[in-house]
Structures are given as structure tokens and as C-alpha cells.
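J.: need coordinates for the following:
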Amino acid sequence: MSGAGSGRRWAAPATVAAAAVAALYLGYALVAGRGAAAAADGRFWGLLLAWFAAWQVNAFLSEHARGGVARVLVAAIFGLAVLALWELGVRLFAVSPVILPAPSDIAGRIAGSGPLLWADFVQTALKGALTGYVLGCAAAVLTAIAIDRSPFLQRGLLPVGNFVAALPIVGIAPIMVMWFGFDWQSKAAVVVVMVFFPVLVNMVAGLKATEPMQRDLMATWNGSYWQTLWKLRFPAALPFLFNGLKIATTLALIGAIVAEFFGSPIVGMGFRINASIGQLALDMIWAEIAVAAVVGSAFYGLVAFLERRVTFWHPSQRR
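T.: Residues are numbered from 1 along each chain as shown. Model (predicted):
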């Protein structure tokens, strides 16, 4: 009975998802005046059946898989299933490349534009996003320590920080371009503004995470502020700090790409996307999106890996 219950538990979401996709497709076709033709289209039902089967396999593996390799395998199978269904759907329904190019077309564009994509990656990810990320996060940690030592900054700087954090990037980016020029320095400045306050807020909260009894014990041992900070409070703040750092990984790349829409040299992911829109080069746009997704995921994964190694003692890292 437990096996049957487990099977129903992982099979139910696949059924609900398939029914939702079918309902959306038929609803769209009905609005477009093609309800009867859509209902009789075997291609759609074949793709839906393939998606249902792939979901069942992935759900079964995720239910029974154990270990790190198994988790990676489940994610890889799911990603390959999505790409395969995307490719089949575009080919079977003859979707225009202007609307949605096939994954094979995107892969071909990536393979044929390697030097161009590499130059864009260096300009946007390494020079703009990574530089701004390092500067912004380092400044946030130092500022959090200053705030921790100053009641005035606690009451004055954090409210201002919340206000600045709410400013839209489309308003900040043109100002930074005018201040720092069209090259990567202005993009790094935008990234600094975007990552500074999420890391600051998390770090300030982390420095308050220790118990009063722990701080009293350090005072009993005649520990100075800096000794208490380094040996007790900073280690306790690391889980909070890494939460902020992981949030900042995605914000950094997004900020650098969007900032390039408001002025950049003739290189960069944002510049390439903006230029390709006017040329209707959807495959190049998707190629840049794919590169950005891979880079962002790898960056997030690196920070998560460091978190597991540094904060192995924290309950959140126990599995």
C-alpha cells in the first residue's frame, strides 16, 4: 500500500500539469476560432503524452533517487525532456523562427558565434557583473560592521538604504552611464547599487544572530569587540551573508545586462540583445539568453558550493 500511495503522490502532479496545458491550449484555440481543429490535432496530443511520460519518469526518479549524482541526473533528464519537447513542438507545428526558434537553431547559432559570444561574456559577466559584485558585496559587509558599531547609522542609514534599493534600474542605469561613461565601469556601478543593499540587510541581521548568553560569555573572557566579532558574531552571520550573496549573483548579471541597453560599446550581452531585436535575429537573442542562464546558474552554484564548505556546521546544510 505504501508503494501505491507513493506512486499516486508523484503521479498526481503530472496529471494536473498535463490537464492544465491541455486546457490552456484548447482555450487559446477556441478563442482563435480553431477549437475543433485543435481538439483533433494528433500532434498536440502526442506531445502532451510525451510530456506526461517524461514527467512521470522524472517524478519517479526524484522520489526514489538517493545521493548527489542521482539528484544531478534527475535535473539533467528533466532539462533534456524540456528541450526535446520544445524541439518537437517547434518542428511539428512549423513555428516561425521569428516567434520561437528551435533549440537546435539556438545551439547552431552558439556554435557559429563563439568568439562573439565570448567577447560579450567577458565584457558583461567578467568586467561589469563580477567587478560590481565583488565591490558591492565587500562594501556591504564593511558597512554592516560600521552599522553594528553605530546606533546613529542603524537609525539613519538603513531606512535610506531601503529607499535606494527600491529605485528602478531603468532610472539608475542612464545616470551611471552619464557619470562613468559608456564602458563597463558604468555597468559595474549599476551592479554595485543593486547588490549592495540585499547583502547589507542580510549581514546586519546576521551580526545580531548570536544569543545574549554567548556575547556575555565572550565579555566574561575579556574579549574585545573585534575578537568577539571575528570568533563569534561573524561565523554566526555567515549563513545570512551567503543568503545575500546568492541573491546578489542573479541581480549582478541582470543589472549588467539591462544597464547595457542604455549605452555601451559595440560589445556586451545587453548590447547584442538590443541590436538583435531590430534585426529580428531571434536565434542570437536566445543564444545570449542561454549563455546568461548558464553563467548565472554556474555563478550561483559556485556561491552555494562555498556556502556548503564554509557553513557545514549549520543545520541548513544537514541532509
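J.: just give the closest residue to W286, not the sequence neighbours.
T.: I106 (4.6 Å; Cβ to Cβ, 6 or more residues apart in numbering). (C-beta placed from N, C-alpha, C; glycine too.)
J.: so the one you found is in which element?
T.: Counting by DSSP states H and E, the element that carries I106 is helix 103-112.
J.: name the residues of that helix that are buried.
T.: Buried residues in helix 103-112, defined by neighbour count with 16 or more other Cβ atoms under 10 Å: 103, 105-107, 109-110.
J.: output the contacting helices and strands for the helix or strand R272 falls within.
T.: Take DSSP H and E as the rule and R272 turns out to sit in helix 269-279. When contacts are defined as 3 or more Cβ pairs under 8 Å, 6 or more residues apart in numbering; DSSP states H and E, helix 269-279 packs onto helix 114-121, helix 234-259, helix 282-310.
J.: nearest to G89, out of these?
T.: G89 lies closest, by Cβ to Cβ, to one member of these: helix 282-310, at 14.9 Å.
J.: who does the closest one touch, helix- and strand-wise?
T.: helix 103-112, helix 114-121, helix 234-259, helix 269-279.
J.: relative orientation of the second one and helix 234-259 in degrees?
T.: If I follow you right, that is helix 114-121. If you take axes from the mean of the first three to the mean of the last three Cα atoms, to 10 degrees, helix 114-121 sits at 120 degrees to helix 234-259.
J.: what's the next secondary structure element after helix 114-121?
T.: Downstream of helix 114-121 (by DSSP H and E), the next one is helix 131-149.
J.: how about stretch 187-205 as CSV, C-alpha atoms only?
T.: What follows is stretch 187-205, C-alpha atoms only, in CSV (Å, rounded to 0.1, in the frame of the first residue of the first chain):
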residue,chain,number,x,y,z
LYS,A,187,27.7,48.7,-15.7
ALA,A,188,29.8,47.8,-12.6
ALA,A,189,28.4,50.8,-10.8
VAL,A,190,24.9,49.8,-11.5
VAL,A,191,25.7,46.3,-10.2
VAL,A,192,27.2,47.8,-7.0
VAL,A,193,24.0,49.6,-6.3
MET,A,194,21.9,46.5,-7.0
VAL,A,195,23.8,44.1,-4.8
PHE,A,196,24.8,46.4,-2.0
PHE,A,197,21.6,46.6,0.0
PRO,A,198,20.5,42.9,-0.2
VAL,A,199,23.9,41.9,1.2
LEU,A,200,23.9,44.7,3.7
VAL,A,201,20.5,43.8,5.1
ASN,A,202,21.4,40.1,5.4
MET,A,203,24.7,40.9,7.0
VAL,A,204,23.2,43.3,9.6
ALA,A,205,20.7,40.6,10.5
